[in-house]
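Enquirer: Here you go, sequence then predicted model.
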Amino acid sequence: AGVWAEENSRDSIFDALKRRESFATSGPRIRPRFFGGWDLPEGLCDEAQFAQAGYANGVAMGSKLPTQPQGSSSPSFAVSAFADPGTEAQPGGLLQRAQIIKGWVDGEGKFHQEVHDIAGTPDNAADVDLQTCEARGAGASTLCGVWQDPNFDADQDAVYYARIVENPS
């Protein structure tokens, strides 16, 4: 698990937990950032200060979107991720893609989800050499994408989260 805290202190970490600005990992120390808002700029990934622009134009992961402003059609989401740098003995892997998953419950109580690839390449032909266990193929050290929900329904509660997929290892 990880949290986005301003500093490595008890108070700062607890503040980040209260904001729900946290994420989970299955092992690699990928550094994700995720923002949602009603007017996130499409060029947010080109911003030198991605996180500052995300906070200025939206809310961070774990937050609830503010009330939909008049004239806004649907929310947009921005994801940025940095690959695990690893160590000399255990190098990190390259990233394959960034996804946004949307989940919702319909009127009959049935759960639905949609998975949207927003950055990277799902078919990058990366694999593992079964003889040497070495990872091979193309990948990225960073990924970033902005996505707007084309199926947004203001009367339907929904949850959105980011998933970062590392190349096979």
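Expert: Thanks, I have the structure now.

Enquirer: what bridges to residue 136?
Expert: Residue 136 forms beta bridges with residue 127, as assigned by DSSP bridges.

Enquirer: who's in contact with it?
Expert: 126, 127, 128, 129 (CB atoms under 8 Å, 6 or more residues apart in numbering). (C-beta placed from N, C-alpha, C; glycine too.)

Enquirer: and which of these is nearest residue 38?
Expert: Nearest to residue 38 among those, counting by CB to CB, is residue 126 at 35.8 Å.

Enquirer: so who does that closest one touch?
Expert: Taking CB under 8 Å, 6+ apart as the criterion, residue 126 is in contact with 94, 96, 135, 136, 137, 138, 139, 167, 168.

Enquirer: Show the pLDDT at the fifth one.
Expert: Same thing as residue 137. pLDDT, the model's per-residue confidence, is 87 for residue 137.

Enquirer: Residue 75 touches residue 152, doesn't it?
Expert: Yes - look at residue 75 against residue 152 with CB atoms under 8 Å: they come within range, at 6.4 Å.

Enquirer: Can you tell me how far residue 7 is from residue 132?
Expert: 41 Å (CB to CB, to the nearest Å).

Enquirer: Figure out the helix or strand that residue 145 lives in.
Expert: Counting by DSSP states H and E, the element that carries residue 145 is strand 142-148.

Enquirer: Packing partners of that strand?
Expert: Counting contacts by 3 or more CB pairs under 8 Å, 6 or more residues apart in numbering; DSSP states H and E, strand 142-148 is packed against strand 76-82, strand 95-105, strand 111-120.
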